[in-house]
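Build me a structure from this.
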Amino acid sequence: MEEYDLVFGIFWYFTGACSLIINCFFLYLIIFRSPKSLTPYKILLGNSAITDLVFSMSTTFLQCRIIPNKWAFAYVALGPAKYFGEQVSYYSYVVQLHSLFYLFLCFPLSFGFRYYILIRPMPTMRQLAMLLFCIWLLPLGQLVCFINSQSNSTAIREYLKENKPEYNLTGYVITGNHMMWQPLTPITLASIVLPMFPIYCLILFFSKRVNEFLDRRDSGMALMIQACLPLLFVFPPIIVYLAYHLELIHFTIMEYLVYSIFSIMPAVSPIVSIYFVRPYYLWIMMRRNAMLGLPPPEGSTNVGNNKSSTQVDVACETGRGVDIHHNRDRRGYIDGAPEEAHFYQYRIPAAEPAGCRKEEYRSLNR
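Residues are numbered from 1 along each chain as shown. As a prediction, this is how the structure comes out:
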């Protein structure tokens, strides 16, 4: 097991460092390089980046090896948290689960936002902030429950020795929960395992509705890739956790894999967002081309500043080709959507209507 400790410790430090660098850069883009067209949506982007940072830092600080043991769960701290004792290690795990649960709950928001603005007026930043606060109240309740469900560490060690006598964990910092001793434990742990399944159904629902509304087969690349992230980095550790706890598999490495796989998500998610949010992608390409002495990429005019001109910010991924700020139908709805995947700065003569035909915008998709 010492070999596993070393290998997975290096892996956790690597994913943690990548997550820290990428999410800090992502926050820089959100705060300083977002055009006005992204003003409402950047609240969701910033929320995602901060949540990824909190989860990644708590995961790296704790480096948890989780040992499901019948009615009990032992958490072995392998990271820097172990030097601060059992209580700090347990609170680190509480923060880790808290941010993970909130991350799950926020998964459908970007998909729901895309659909919402196709049928309703654009929400304000304050409305989105209030929505995020209301959603956060659920993880806050989970955090309080989990803090009050901590079991005695000595009792957890004894229970572990009784049921897994082959384990020698002398010298390790171990905390844990017991479902029979602390009634809040099953509720807290269920919040990590169960919600992702209905949440993913919501993601599929919103993706389907957006694609049906836009009637475009080639418009869902960003939606498809983002919808695949939970399939790669969320469901596998949940399945590993359940299979090991139900004693369907009996490999020690599974105790390390759960949070190792989870730790990849905060590093990959911002990369996908940066690539598909058009202003951020173009800003990076502009800097790269400037360093290499190449001409700026097409469509990069005024990217990264908030100056207004005859350009309009259009949502090409929606396929509607509409100025999201000015072209409203008679009901007052915005006839278009700031699709995260493809915001473009598209020059339209001032004398022409802001809206453009769908066919014209298909040629603009990167």
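
going forward, measure contacts and count neighbours with C-alpha atoms only.
Fine.

ranges for the helices of the stretch 201-350 of the chain?
Read by DSSP state H, counting those that start in this stretch, the stretch 201-350 of the chain holds these helices, from start to end of the chain: 221-233, 235-245, 254-262, 265-276, 278-292.

can you tell me which of those the model trusts least?
With a mean of 84, helix 221-233 has the lowest mean pLDDT of those.

how far does that helix sit from the chain's center?
11 Å (C-alpha atoms, centre = their mean, to the nearest Å).

residues of that helix that come out buried?
By neighbour count, with 16 or more other C-alpha atoms under 10 Å as the criterion, the buried positions of helix 221-233 are 222-223, 226-227, 229-230, 233.

next one: the one helix or strand Arg65 maps to to chain centre, how far?
In this structure, Arg65 is located in strand 64-69 according to DSSP states H and E. Between the mean C-alpha location of strand 64-69 and the chain-wide mean there is a distance of 24 Å, by C-alpha atoms, centre = their mean.

what's downstream of it, the next helix or strand?
Proceeding N to C from strand 64-69, the next assigned helix or strand is strand 72-77, under DSSP H and E.

Quick one: work out the angle between that following strand and helix 254-262.
Counting by axes from the mean of the first three to the mean of the last three C-alpha atoms, to 10 degrees, strand 72-77 lies at 70 degrees to helix 254-262.

buried ones in the lengthiest helix in the chain?
When the chain is parsed with DSSP state H, its longest helix is helix 86-119. Neighbour counts using 16+ other C-alpha under 10 Å place 86-87, 89-118 of helix 86-119 among the buried residues.

need the contact list for the residue lying closest to Ile264 once chain neighbours are set aside.
Across the structure, with C-alpha to C-alpha, 6 or more residues apart in numbering as the measure, the residue nearest Ile264 apart from its sequence neighbours is Thr15 (6.1 Å). Thr15 makes contacts with 56, 263-264, 267, as judged by C-alpha atoms under 8 Å, 6 or more residues apart in numbering.

Tell me the helices and strands packed up against the strand holding Arg65.
Secondary-structure packing of strand 64-69 (3 or more C-alpha pairs under 8 Å, 6 or more residues apart in numbering; DSSP states H and E): strand 72-77, helix 235-245, helix 254-262.

Take those and write them to CSV, including distance to Leu214.
CSV is the format used below for those (distance: least, C-alpha to C-alpha, whole Å):
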stretch, distance to Leu214
strand 72-77, 47
helix 235-245, 29
helix 254-262, 33
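
Among those, show me which one is buried the most.
The densest packing among the helices and strands packed on strand 64-69, expressed as mean neighbour count by mean count of other C-alpha atoms under 10 Å, is seen in strand 72-77 with a mean of 23.

Can you tell me what sits against that one?
Under the criterion C-alpha under 8 Å, 6+ apart, external residues in contact with strand 72-77 comprise 62-68, 89, 156-157, 159-160, 172-179.

what are the pairing partners of that strand, and which direction each?
Here strand 72-77 is paired, per DSSP bridges, with strand 64-69 (antiparallel), strand 173-178 (antiparallel).

between these, which one is nearest to Ile203?
Counting by C-alpha to C-alpha, Ile203 lies closest to strand 64-69 out of the strands paired with strand 72-77; the figure is 28.7 Å.

and the closest one, average pLDDT?
Rounded mean pLDDT across strand 64-69 is 90.

Can you dump the C-alpha atoms of that strand in PDB for me?
Once side chains and other backbone atoms are set aside, the C-alpha atoms of strand 64-69 remain, and they are given as PDB (Å, rounded to 0.1, in the frame of the first residue of the first chain):
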ATOM      1  CA  CYS A  64      -8.300  10.900   0.800                       C
ATOM      2  CA  ARG A  65      -8.200   7.100   0.600                       C
ATOM      3  CA  ILE A  66     -11.700   6.000   1.400                       C
ATOM      4  CA  ILE A  67     -12.300   2.500   2.900                       C
ATOM      5  CA  PRO A  68     -16.000   1.400   2.900                       C
ATOM      6  CA  ASN A  69     -16.300  -1.100   5.600                       C
END
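
Report the angle between that strand and helix 86-119.
Comparing the axes of strand 64-69 and helix 86-119 via the same axes, to 10 degrees yields an angle of 100 degrees.

Please spell out which residues along strand 64-69 are buried.
Here strand 64-69 shows 64-69 as buried, counting by 16+ other C-alpha under 10 Å.

Residues contacting that strand, please?
Applying C-alpha under 8 Å, 6+ apart, the set of residues contacting strand 64-69 from outside is 73-79, 93, 160, 163, 244-245, 255-256, 258-259.

Out of those residues, which two sit at the greatest distance?
The two members of those with the most space between them (C-alpha to C-alpha) are Gly79 and Asn163, at 25.3 Å.

who has more neighbours, the two?
Gly79 (20 against 11; other C-alpha atoms under 10 Å).

residue contacts, that one?
When contacts are counted by C-alpha under 8 Å, 6+ apart, Gly79 is found next to 9, 60-64.

Nearest to Leu214 among these?
Within the contacts of Gly79, proximity to Leu214 (C-alpha to C-alpha) peaks at Thr60, which comes in at 41.5 Å.

Counting neighbours, what do you get for the closest one?
28.

Equivalent analysis for Asn148, please.
Taking other C-alpha under 10 Å as the definition, Asn148 ends up with a neighbour count of 13.

gap between it and Lys82?
In this structure, Asn148 and Lys82 are separated by 21 Å, where distance is defined by C-alpha to C-alpha, to the nearest Å.
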